[in-house]
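Trainee: Just need the structure, nothing else, for what follows:
(one chain, ligands or ions: 2)
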Amino acid sequence: MKILSAADIYKWEQATLISQNISSVELMERAAEALFQAIQQYVGERQASFVILCGFGNNGGDGLALGRMLHMAGHIVRIHLLEHTSYSAENEINQQRLHEMDISISSLSPESILEFPAKSILIDALFGYGLARPLDDRWKPLLYQINTASNPVLSIDIPSGLFADKPTPIEAPIIQAHLTYTFACAKLSLLFPKYASFTSNFQILDIGLEKNIENTLSTPYEYLQKEDVQLLIRPLQKFSHKGTFGHAYMVGGRYGSIGAAILASKAALKTGCGLITAYIPACGYTILQGAFPEAQVETDPLDTHISMFPKQITDYDAIGMGMGMGTHPDTEIALRQLFERLKLMPSIPHLLFDADAINILAKNPDWHVLIPPNSILTPHPKELERLIGLWTDDFEKIAKVRDWCRRYQQIVVIKGANTAIVLPNEMVHFNSTGNPGMATGGSGDVLSGIITSLLAQGHTPADAALLGVYLHGLAGDIAATTIHERSITATDIIAHLSSAWQHLQNPYL
Ligand SMILES: NC(=O)C1=CN([C@@H]2O[C@H](COP(=O)(O)OP(=O)(O)OC[C@H]3O[C@@H](n4cnc5c(N)ncnc54)[C@H](O)[C@@H]3O)[C@@H](O)[C@H]2O)[C@H](O)CC1
Ligand SMILES: [K+]
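Mentor: Ligands and ions are numbered 1, 2, ... in the order given. Purely as a prediction, here's the structure:
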């Protein structure tokens, strides 16, 4: 699914009005209907009480129409409308509809002192994507009351005060929503860690905007969902043998962190490659063989860390390296020598660089040109910062990574909530699976194993990165259905990879 700017959503909306021959009030009614259905699901069967805070534009119009529907469904509804000199036409029509039904509207101003009945749900319909500039300090008292109330806050389209597609200063007043119902497509700011406290969760509501028109709007940003990754899966062949599914080579571990190599290797095999060979320092031999009998193991001549890469490293289908590897100068030199060797070869295995492999690359910017094109790097934010330097906000971070990926023709997977996969063509795919419970030691090693496995199975690097990130998050989400998020471990993610494959391949789930 595309992630569009506010300007493009507006264009999409306007073109839909023409192509479907409907009025903007009818579209607003559709949006309110979608909201109403979603909120009915949120509250379940019970009668609930709502306080709806409406602005003077169309976001406020959505709130007014929603209030009417909730009232008609038997809920207790209090509607507050910002006093203003002029309202949007659709907003006025919905005020009129409420008057006709004798549903009262209280006035609201930034100075209002509000009382929220206990257990009522607050609906934030103050500002949507029409926000033209950050809200000024005058709005602080009103937003403070909403943000500090113990009531749940549901935002319509976007938490009021937040720009959809450009940086918002976080010192400006912004609604802290528990859940945002956003129309038609995901918005960039709903995906960025910097705004997580305003947007912890969101749901996309389909309001029937015309698909053909969406196809004409171009954007470098995509929201990666099930239907997108399903297209990337390769069917299993009946006459397969273990060689068919590729041989992954997992390079990592040092004295004290052999577990990272075990996790990555197990995850690789559970993702479906036919064979894995782990290359680790000698101290890990017994540990790895004992913990994971399905793995083949090769060891470095040194006991404690990796000091060389064997000649046969290039014989494998894919290499994943860096997990728990350390940044010993011997390892650093070995990596440099590997790059020199790869340069001379006509064809080489696909490569993934994680953790300490990235740290070594970050320390040596002049090696970036030596990284074989189309390799995958999977940094967490700190590793990314070492690789590309500091950024002031998430928008700049994405811009810098896009630039880096184009320049060096690499794929960067920025790990975190809504992991972003940035491709050499500068497309950015934000993942929709995963949960905070996955921020746990070893989770990244598992991701490296999954992606390397997909590379070994013959997926293109871009497909392997997209499918791998989605599968990893999905396995974590399925794990979270039976294991509390606080208790999820990397091993649990591996244990649920099989269910993730099942889920992904089942059209009815
Ligand atoms: N996506 C869709 O297809 C649909 C969206 N709908 C809803 O419409 C809003 C966008 O409505 P719009 O009228 O363009 O803007 P807002 O309601 O967000 O408010 C604009 C209003 O506020 C003024 N303003 C802007 N910034 C400030 C500021 N810093 N301080 C004070 N006032 C400000 C501005 O001048 C306008 O007057 C979208 O989010 C959806 O909720 C449709 O209902 C259905 C289809
Ligand atoms: K809003």
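Trainee: Could you use CA atoms for every contact and neighbour count after this?
Mentor: Fine.
Trainee: Point out the residues in the chain that sit beside ligand 2.
Mentor: 124-125, 127-128, 155-156, 158-160 (Cα under 5 Å from the ion).
Trainee: Within reach of ligand 1, which of the residues you listed are there?
Mentor: 127-128, 156 (Cα under 6 Å from any ligand atom).
Trainee: Now render these as a markdown table, adding pLDDT.
Mentor: Formatted as a markdown table, those follow (pLDDT from 0 to 100):
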| residue | pLDDT |
| --- | --- |
| 127 | 98 |
| 128 | 98 |
| 156 | 98 |
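Trainee: Show the buried residues in those residues.
Mentor: Neighbour counting over those (16 or more other Cα atoms under 10 Å) leaves 127-128, 156 as the buried ones.
Trainee: For residue 118, state which of the residues you listed is nearest.
Mentor: residue 156 (21.2 Å; Cα to Cα).
Trainee: Name the residue of the stretch 201-350 of the chain that lies nearest to ligand 2.
Mentor: residue 202 (12.2 Å; Cα to the ion).
Trainee: can you give me phi and psi for that residue?
Mentor: Residue 202 has phi and psi values of phi -150, psi 160 when expressed as degrees, to the nearest 10.
Trainee: Apart from its chain neighbours, what residue comes closest to it?
Mentor: Leaving aside its sequence neighbours, residue 202 sits nearest to residue 180 (Cα to Cα, 6 or more residues apart in numbering; 4.5 Å).
Trainee: For my notes, confirm that neighbour occurs in a strand.
Mentor: Yes - secondary structure of residue 180 (DSSP: H, G, I helix; E, B strand; the rest coil): part of a strand.
Trainee: Now do it, the pLDDT please.
Mentor: Predicted confidence (pLDDT) for residue 180: 98.
Trainee: and it, bridged to which residues?
Mentor: Taking DSSP bridges as the rule, residue 180 bridges to residue 155, residue 202.
Trainee: isn't it right up against residue 201?
Mentor: Yes - between residue 180 and residue 201 there is a contact under Cα atoms under 8 Å: 6.3 Å.
Trainee: Quick check: residue 157 vs residue 221, distance?
Mentor: Distance of residue 157 to residue 221, given as Cα to Cα, to the nearest Å: 18 Å.
Trainee: got the residues of the stretch 101-250 of the chain near ligand 1?
Mentor: 127-135, 156-157, 183.
Trainee: circling back: got a list of what the residue of the stretch 201-350 of the chain closest to ligand 2 touches?
Mentor: 179-182, 190 (Cα atoms under 8 Å, 6 or more residues apart in numbering).
Trainee: In contact with the closest residue to residue 340 other than its chain neighbours: list those residues for me.
Mentor: Leaving aside its sequence neighbours, residue 340 sits nearest to residue 370 (Cα to Cα, 6+ apart; 7.9 Å). By Cα under 8 Å, 6+ apart, residue 370 lies in contact with 339-340, 343.
Trainee: Backbone torsions only: list them for residue 370.
Mentor: Torsion angles, degrees, to the nearest 10, at residue 370: phi -90, psi -10.
Trainee: Which pLDDT value goes with it?
Mentor: Reported pLDDT for residue 370: 95.
Trainee: Please apply the same query to residue 237.
Mentor: 65.
Trainee: cool, and residue 314?
Mentor: 92.
Trainee: these two touch, right, it and residue 348?
Mentor: Yes - here residue 314 reaches residue 348: they are 6.3 Å apart, a contact under Cα under 8 Å.
Trainee: Which residue, neighbours along the chain excluded, lies closest to residue 316?
Mentor: Per Cα to Cα, 6+ apart, closest to residue 316 is residue 247, 5.7 Å.
Trainee: Check the gap between residue 309 and residue 318 for me.
Mentor: Taking Cα to Cα, one finds residue 309 at 14 Å from residue 318.
Trainee: between those two, who's got more neighbours?
Mentor: For residue 309 versus residue 318, neighbours defined as other Cα atoms under 10 Å are more numerous around residue 318 (27 against 17).
Trainee: In contact with residue 396, which residues?
Mentor: By Cα under 8 Å, 6+ apart, residue 396 has no neighbours at all.
Trainee: on that earlier part again, now list the buried members of the contacts of residue 202.
Mentor: 179-182, 190.
Trainee: Closest one to ligand 2 out of those, please.
Mentor: Among those, residue 180 lies closest to ligand 2 (Cα to the ion), at 8.2 Å.
Trainee: Next one: that closest one relative to residue 204, how far apart?
Mentor: 8 Å.
Trainee: Can you give the domain ranges for this protein?
Mentor: Domain assignment for the chain, taken from automatic domain parsing, gives 6-219, 247-360+435-505.
Trainee: which one of these lies closest to residue 398?
Mentor: When those are ranked by proximity to residue 398 (Cα to Cα), domain 6-219 comes first, at 9.9 Å.
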